[in-house]
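**Q** The sequence and its predicted three-dimensional model are supplied below.
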Amino acid sequence: MARTITSAEESEQVFPASLRLHLDPAYTSFGDQKQVGYFNPQAGWVHAREATFAVPDEAQRLGATVHSNVTIDKFLMTETHGKPRVCGAVASDGRQFHADHIIVAAGNWTPSLLDRCKLLLPPGLLKPSAHCVLTLRIQPEVARLFRGMPVVFDMNTGMYAFEPSADGILKCAIHGTGASTPTPNSATNAFPPADQHPHVDAMLRELQNMYPLLRLGEPDSPAQIHFTRICWYCDTRDENFLIDFHPDVDGLLVASGDSGYGLKFLPLLGRLVASRLLHIHNDSAIVPDHGLSAHQRQVFSFDHHQHADARVNVNVPIDSMRIGDLPPAKVSSSKL
Ligand SMILES: Cc1cc2nc3c(=O)[nH]c(=O)nc-3n(C[C@H](O)[C@H](O)[C@H](O)COP(=O)(O)OP(=O)(O)OC[C@H]3O[C@@H](n4cnc5c(N)ncnc54)[C@H](O)[C@@H]3O)c2cc1C
């Protein structure tokens, strides 16, 4: 059962026995107003890459045609009753795709793609923010000690780390204030390395504090940096998704605004988007996994996000509601 952790004994119990002997006081100093923890045994992690590949595989199994490695450059437009309407998209290699409806789900590239196509969104509605991910390769005999480790999240810094994968890759990142630079490159979807990013050092320091057995920075450390990457969130002011028809163009549905937590909603997002597309409403709590509730229709709407300024303090950074006190990192594109 999910529970708060208020003692060293309770904290140790959530870690595998193999790791308990190696836990730093960061994990064992509880009680006496030191810190409070929270543990949810039903929480876990998924392999992001495998989960993402599973989606187009399943779509194809259900009869969809998937065109990979296609970059959409512009939309084909027509007009109905004096209002513009999309009727297709044109790829950078000149191929044309005709459609009654188009769903733009281009992640952090969504605002720039719509801008390039002159389908402007109100400024600030969707904002890419750059983040840094760090992976370490841990020698098998040490990686084995981490088997069964829960995902850990430090609410003071926003740092989170996963159990090493079967091939000994430990992944961590900081869910904090992202940087406004570099902006995502619309010409390529590659994720640049982030070796110079100040958060890399911050994460290595914190990992060393959490798991001294890694002896990071020492010549005989059992862990080496595997890779670093810059990747982006597409933020909305209040971190609700944007899943709605474009207000100025018929037939164009925008599904974006992941705000850094799109992956954990992967199994749900298709239903949410399809429900908006097909106008499936469901205000009953009896069958919750069908259609959009009135609340979802509201908080995912353009109207909601356009008026978010009135509800959220716009004088503070867009992602200030995130926990973590590491300062935003400005990284110049030339370093990447
Ligand atoms: C460091 C880091 C850690 C994260 N950790 C977590 C986590 O622990 N849990 C969690 O839930 N989420 C996490 N996320 C967030 C998660 O990755 C995103 O929320 C999610 O990927 C957003 O999904 P999306 O489909 O909106 O966009 P994306 O996954 O970015 O997909 C957009 C797609 O559109 C394509 N595209 C863009 N432009 C075009 C174009 N012109 N033509 C054709 N295709 C185009 C891109 O190639 C891409 O495949 C993390 C993100 C980062 C950066």
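**A** Sure thing, it's come through. All values reported here derive from a predicted model rather than from experimental measurement.

**Q** Tell me which stretches of the protein form strands.
**A** 3-5, 37-39, 72-80, 83-91, 96-98, 102-104, 127-138, 152-153, 159-161, 169-174, 223-235, 242-245, 252-256 (DSSP state E).

**Q** Give the other helices and strands that the fifth one contacts.
**A** Right, the one you point to is strand 96-98. In terms of contacts (3 or more Cβ pairs under 8 Å, 6 or more residues apart in numbering; DSSP states H and E), strand 96-98 is packed against strand 83-91. Heads up, the C-betas are built off the backbone N, CA and C, glycines and all.

**Q** which residues are contacting the strand it packs on?
**A** 70-79, 96-102, 248-252 (Cβ atoms under 8 Å, 6 or more residues apart in numbering).

**Q** Filter those residues down to the buried ones and express that as a PyMOL selection.
**A** Those of the contacts of strand 83-91 that count as buried under 16 or more other Cβ atoms under 10 Å are selected in PyMOL with:
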select buried, resi 72+75+77+102+249+250+251+252
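
**Q** filter the contacts of strand 83-91 down to the ones near the ligand?
**A** Applying Cβ under 6 Å from any ligand atom to those, one finds that 70-72 fall near the ligand.

**Q** What pLDDT is listed against the residue nearest the centre of the chain?
**A** With distances taken as Cα atoms, centre = their mean, Gly260 lies nearest the centre of the chain, 3.1 Å away. Here the pLDDT value assigned to Gly260 is 93.

**Q** Please report the number of neighbouring residues for the nearest residue to His175 once chain neighbours are set aside.
**A** Among residues not flanking His175 along the chain, Gly158 sits closest, at 4.6 Å (Cβ to Cβ, 6 or more residues apart in numbering). Gly158 has 19 neighbouring residues, counting by other Cβ atoms under 10 Å.

**Q** Please tell me how far Gly158 sits from Ala173.
**A** 9 Å (Cβ to Cβ, to the nearest Å).

**Q** With Pro219 instead?
**A** 26 Å.

**Q** of those two, who's got more company?
**A** Ala173 (20 against 5).

**Q** Quick check, the more buried one in contact with Leu134.
**A** Yes: Ala173 lies in contact with Leu134 (Cβ atoms under 8 Å); the separation is 6.9 Å.

**Q** Find residues that contact each of the two.
**A** Common neighbours of Ala173 and Leu134 (Cβ under 8 Å, 6+ apart) are Met203.

**Q** re earlier: want to throw the ones next to the ligand among the contacts of strand 83-91 into TSV with pLDDT and distance to Ile243?
**A** Listed next are those as TSV, based on pLDDT from 0 to 100; distance: Cβ to Cβ, whole Å:
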residue	pLDDT	distance to Ile243
Val70	94	23
Thr71	94	23
Ile72	95	19
